[in-house]
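>>> Sequence and predicted structure are below.
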Amino acid sequence: MSALAYPQAITTGSKARIDLQLLRWMTGNWQANSAKQNIDEHWSLQGDSLLGISRTLEGNNSKAFELLLIEAQGEDLIVRLHFFGPAIDKATRGKDEPLRLKVIQADAQQLICEGIGNEVGTTLSYTKLSAERMQAQIRKVRDGNIVWQEDYAFQRASQP
């Protein structure tokens, strides 16, 4: 299977900084439920920082936690991720340092990030489908072929 191309980055060839305020549509509580697992995510935007917290449950048991932070690093917006196991005792990925992806597109409809460093070939995207629905996708590409991909259909969750 060949890799699907993403739209050109809106900042290609310029030093214009992407405005994180354009991602306000992501803020709040979201849920993705399937027969195998339930995921809840919370996104919070304050100032020039977007924070995401995710928990995956299988049945009533916590399976994984994820901490995502999007902030400026030099001229770029960088996503830093840490994945934790059920007890949050230690990171299962991004142990010594977080996984890093560069934001290449951020607007009122989509967030697209590409892996840098050890994560080259990894793409993370969130797409607004409506005010109440968004799609998330993480994909790994090697030699032009998709070797792994997961898609998540999120619904906006009511406030607790």
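Now that the structure is in, tell me what you want to look at.
>>> Could you count how many residues lie near the closest residue to Arg80 other than its chain neighbours?
Once flanking residues are discounted, Arg80 sits nearest to Pro98: 3.8 Å by C-beta to C-beta, 6 or more residues apart in numbering. All C-beta atoms are positioned from the backbone trio N, CA, C, and that covers glycine. As a burial measure, Pro98 scores 19 neighbours (other C-beta atoms under 10 Å).
>>> got the contact list for Pro98?
69, 80-82 (C-beta atoms under 8 Å, 6 or more residues apart in numbering).
>>> how close does the most centrally placed residue in the chain sit to Gly47?
Centroid check for the chain by C-alpha atoms, centre = their mean gives Leu124 as the closest residue, at 5.3 Å. Separation of Leu124 from Gly47 (C-beta to C-beta, to the nearest Å): 22 Å.
>>> Tell me where this structure has strands.
28-33, 38-46, 49-58, 61-73, 76-84, 91-93, 99-106, 110-115, 122-130, 133-142, 145-156 (DSSP state E).
>>> Can you point out the buried residues in the last one?
Same thing as strand 145-156. By 16 or more other C-beta atoms under 10 Å, the buried positions in strand 145-156 come out as 152, 154.
>>> heads up, I number from 465, so please use that
That works, and once the first residue is 465, the last one we named lands at strand 609-620.
>>> how about that strand as CSV, C-alpha atoms only?
Presented in CSV, the C-alpha positions along strand 609-620 are these (Å, rounded to 0.1, in the frame of the first residue of the first chain):
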residue,chain,number,x,y,z
ASN,A,609,4.6,2.2,2.3
ILE,A,610,2.3,2.5,5.2
VAL,A,611,3.5,-0.1,7.7
TRP,A,612,1.2,0.8,10.6
GLN,A,613,-1.9,3.0,10.9
GLU,A,614,-4.6,3.6,13.5
ASP,A,615,-7.7,5.7,13.1
TYR,A,616,-9.9,7.0,15.9
ALA,A,617,-13.4,8.6,15.5
PHE,A,618,-13.9,11.0,18.4
GLN,A,619,-17.2,12.4,19.6
ARG,A,620,-17.3,15.5,21.8
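>>> That one packs against which elements?
strand 492-497, strand 502-510, strand 597-606 (3 or more C-beta pairs under 8 Å, 6 or more residues apart in numbering; DSSP states H and E).
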